[in-house]
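Visitor: Next come a sequence and a model predicted from it.
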Amino acid sequence: MPSRKSLYLESNNFGSRMFELGRLEEAKSHFQYALDSLQNDIEPIDCQRRKHGLAEATSPIQGWSRPMKSREDHIFVYSRAICLHTSFDDKYKGLYLCCVTYNLALTHHLMALKGARSSDYVTSSDLYEDSMTMLENLIKNAHSSDEHPYLTDLRVVILNNAGHIYYTDRVNFKAALQCFEAVCGIVSELEISGYRTALPEEEVDLMMTNVLLRFSVSAPMA
């Protein structure tokens, strides 16, 4: 019988399945349940334990979902949720939280694109910020990005999608361009180092083209 904590991760994965089907309200409910359950169950873990956890060879992340099609836009949004292995391991608590928070942020993001509620943009932006804060702490305490490739991939995705919100909802072209330039910088550094991303190559290319915002006549960069 699965442990109580494993059920939190199964709730996340069921949310990912609903996400793939475009059933975003249901996906949101399952991601929110997983996040609330993890937050209520989590105790702080010291840096040494977190470092040890990130150095493990087996990833707690199972992979990315199929993309959820959203409204066409000239700024590409990365629209894949994260699926987790359901064998709960305490040393990955921080990463579980980060991933589920990202999933919930993405769901609100796509709901906003579908015109559900304008407040979804605000919620999504706040959740992306939360997940990036968690991610920065995980990266800081990792020995290198090679120890956990999903950390770097997730950073690229969050920056890209945050840039889209700056551009679309907040009409803050400068902040959006900063996000897209950061994506290009990270990806370029990884290519030079020989790092192999788990993100689909064609979708990485689309994220890289978002930096062409700087040439947009509708977004003059004074």
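Guide: Looks like it came in fine.
Visitor: Find the centremost residue of this protein, please.
Guide: residue 102 (4.1 Å; CA atoms, centre = their mean).
Visitor: Which of the helices or strands spans that residue?
Guide: helix 93-113 (DSSP states H and E).
Visitor: next structured bit after that helix?
Guide: Following helix 93-113 in sequence, per DSSP H and E, is helix 119-140.
Visitor: just to revisit the earlier point, in the helix holding residue 102, which residues are buried?
Guide: 93-113 (16 or more other CB atoms under 10 Å). Where you see a C-beta, it was placed from the backbone N, CA and C, and this is true even at glycine.
Visitor: Strands of this protein, residue ranges please.
Guide: Residue ranges of the strands in the chain, as given by DSSP state E, are 61-64, 82-84.
Visitor: Just list what the first one packs against, helices and strands only.
Guide: If I follow you right, that is strand 61-64. On a contact count with 3 or more CB pairs under 8 Å, 6 or more residues apart in numbering; DSSP states H and E, strand 61-64 meets strand 82-84.
Visitor: pLDDT averaged over the strand it packs on - what is it?
Guide: What strand 82-84 shows for mean pLDDT is 93.
Visitor: same thing with stretch 142-162?
Guide: Stretch 142-162 comes out at a mean pLDDT of 80.
Visitor: ok, and the helix or strand in the protein with the lowest average confidence?
Guide: helix 47-54 (a mean of 36; mean pLDDT, DSSP states H and E).
Visitor: show me the contacts for the nearest residue to residue 105 once chain neighbours are set aside.
Guide: Among residues not flanking residue 105 along the chain, residue 127 sits closest, at 3.4 Å (CB to CB, 6 or more residues apart in numbering). Contact partners of residue 127, counting by CB atoms under 8 Å, 6 or more residues apart in numbering, are 101, 102, 104, 105, 108.
Visitor: rerun at 7 Å
Guide: For residue 127, the contact set (CB atoms under 7 Å, 6 or more residues apart in numbering) comprises 101, 104, 105, 108.
Visitor: Model confidence at it, what's the number?
Guide: Value listed for residue 127 in the pLDDT field: 97.
Visitor: Start the count at 51 instead of 1 going forward.
Guide: Taking 51 as the first residue, the last one we looked at is residue 177.
Visitor: Give me the distance between it and residue 124.
Guide: As judged by CB to CB, to the nearest Å, residue 177 and residue 124 stand 24 Å apart.
Visitor: What's the separation between residue 169 and residue 75?
Guide: For residue 169, the distance to residue 75 - CB to CB - is 14 Å.
Visitor: Same check on residue 238?
Guide: Residue 238 is 38 Å from residue 75, by CB to CB.
Visitor: And residue 167, by the same measure?
Guide: 11 Å.
Visitor: ok, now which ones touch residue 59?
Guide: 134, 136, 138, 146.
Visitor: so where is the protein shaky, pLDDT-wise?
Guide: 51-52, 92-109, 113, 116-123, 166, 193-199, 264-272 (pLDDT under 70).
Visitor: Repeat the analysis, applying 50 as the threshold.
Guide: 51, 93-107, 267, 269-272 (pLDDT under 50).
Visitor: Residue 219 against residue 171, yeah?
Guide: Yes: in this structure residue 219 lies within contact range of residue 171 using CB atoms under 7 Å: 4.0 Å.
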